[in-house]
Each structure stands twice: as structure tokens, then as C-alpha cells.
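J.: Whatever this is, show me its structure:
(chains A and B)
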Number of protein chains: 2
Amino acid sequence: MPLKKIADHIAFRDDKLGKVNLFETPRFFCDLYCLKSGQSQHPHTHGAEDKIYQVISGRVIFADGELEIAGEPGDLVHCPAGALHGVRNDSEEDAVLLVFMAPHPGANRFPAS
Amino acid sequence: MPLKKIADHIAFRDDKLGKVNLFETPRFFCDLYCLKSGQSQHPHTHGAEDKIYQVISGRVIFADGELEIAGEPGDLVHCPAGALHGVRNDSEEDAVLLVFMAPHPGANRFPAS
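T.: This next block holds a predicted model:
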């Protein structure tokens, strides 16, 4: 029953948003996305996976190609399988998101159980 | 791309811990668990689903039948498929958890897509 503290795993990068895996199995992954000012994840889709973005700190803009929605700490956004989604940090402050995806898009790289 | 604010959905019950679904598909669910002082989810297992507990507010004790681990805001616990897990609020304050499970244990009640 491993426990991880979000604050212990936050890691920003200068060249692009920092992604830090916390937990993963073939059934899901749970990552931290660490976005400095100006960094983004461009809108994209996953054919068969659902994603949840949760804002841990900072302010971001979620975009689905049509709508743009402002997110602040305590907000969760559901990006269903097949739906376009992306996020960017237009603010001047760092932002941290917790990201859940199910199932794991790389499930076939796990050993068969 | 629906957005929900955790604070808008917190709902405690007097008789047992309050569970509030935020998002669900056959691939996952995301719930709030709202535990008043003394309330708990008894240790149990899911044969084929992974769970993540995230402490949003308050202090709780995670238990897997052998270990007991204290959780505070910002902590995440991974309960792998097949592993015993439970949580209780022994503190005098309310506690709120965000819970992710993948896949959804009731996936067969969703319409075929």
C-alpha cells in the first residue's frame, strides 16, 4: 500500500512540461504534470482511454478545440476517450496537475499477469 | 469537457461515509468519499480493479490488514487489484478523499459502446 506525497514529486523542466509518474499498472496511470508559465500540452485525443486532469496548484486553461475553460486548484476535468483535450499555463505562475488515465495506453508493455 | 469543483460536491452523511460520484465510464470512476469523525471504509479487496485514494482535507488512517499509514492532504495511496485496503477517520475533524478506480467495477451496467 505505497503512499506518495505530491509535494515530494513535483519536477519542472525548462524545455517542456514535466511529467512524473506516481503509480501505474496496465489498468491506469497517475502522473504529475508540472507546467511553467507558457508551457502546454497540445490538444490531442486518445481513442480508448479516459483522462482526468486535476488542478493541484496554479491556474491553467483547458481546451478541447472549441471551448476554453479556466481551471484553478480543486477543479477536475474529464476528457473522455476520443475527445480532443489539451491544457496550457498562460499565467505567470507555475502550475501542477494530477493526471489519471484509464486504461494505461501502454498496457501492452507490462508483463502479462 | 466537463469541469467540476471538488468543493461543490462534498456531502457528508450521518449514518455512514458519504460517497459522491464525480465522473464515471466503463473504464474508471472518480468519487469523493466524505468521512466524518469515526467513519470508515472497512478493509476489502477488488479482484481486478486498482484504486487510488487521495487526501483532499483532514487526516485519515489507511489500513491493508497489516500496516496502518497516516494520510494528510496531498498524500496518495495506491491499492492494487487484489490487495486488501481500507480507510478510517480517527481524527476529530471531517476528512475528504478523492478516489479513482480503474476499471469501473460496474462496467457491465453501462450501455455497450
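
J.: Could you report the separation of residue A:107 from residue A:29?
T.: Distance of residue A:107 to residue A:29, computed by CB to CB, to the nearest Å: 10 Å. Just so you know, the C-beta spots here come from the backbone N, C-alpha and C atoms, and that holds for glycine as well.

J.: Between these two, tell me which one has more neighbours.
T.: residue A:29 (23 against 15; other CB atoms under 10 Å in any protein chain shown).

J.: didn't the more buried one look like it was pressed against residue A:46?
T.: No: Residue A:29 is beyond contact range of residue A:46, at 11.6 Å (criterion: CB atoms under 8 Å).

J.: So what does the residue nearest to residue A:7 when sequence neighbours are not counted have for phi and psi?
T.: Once flanking residues are discounted, residue A:7 sits nearest to residue B:74: 5.8 Å by CB to CB, 6 or more residues apart in numbering or on different chains. Dihedral pair for residue B:74: phi 100, psi -10, per degrees, to the nearest 10.

J.: ok, now residue A:7?
T.: According to degrees, to the nearest 10, residue A:7 has phi -60, psi -30.

J.: Residue A:8 now?
T.: With angles defined as degrees, to the nearest 10, residue A:8 sits at phi -80, psi -10.

J.: count of residues packed around it?
T.: Look at residue A:8: counted by other CB under 10 Å, it has 9 neighbours.

J.: so what's whichever residue of chain A sits closest to chain B up against?
T.: Nearest to chain B, among the residues of chain A, is residue A:102, at 3.5 Å (CB to the nearest CB). Residue A:102 makes contacts with A:27, A:28, A:49, A:50, B:27, B:28, B:100, B:102, B:103, as judged by CB atoms under 8 Å, 6 or more residues apart in numbering or on different chains.

J.: and if you look at residue A:38?
T.: Contacts of residue A:38 by CB under 8 Å, 6+ apart are A:89, A:90.

J.: just to revisit the earlier point, can you list residues touching both of residue A:29 and residue A:46?
T.: By CB under 8 Å, 6+ apart, the residues touching both residue A:29 and residue A:46 are residue A:101.

J.: Strands of chain A, start to end?
T.: Assigned by DSSP state E, chain A shows strands spanning A:3-5, A:18-25, A:28-35, A:40-44, A:50-57, A:60-63, A:68-71, A:75-79, A:85-88, A:95-102.

J.: Chain B contacts on chain A?
T.: Residues of chain A that fall close to chain B, judged by CB under 8 Å from any CB of the partner chain: A:1-7, A:22-23, A:25, A:27-28, A:30, A:49-50, A:52, A:54, A:62, A:64, A:67, A:69, A:71, A:74-81, A:83, A:85, A:98, A:100, A:102-103.
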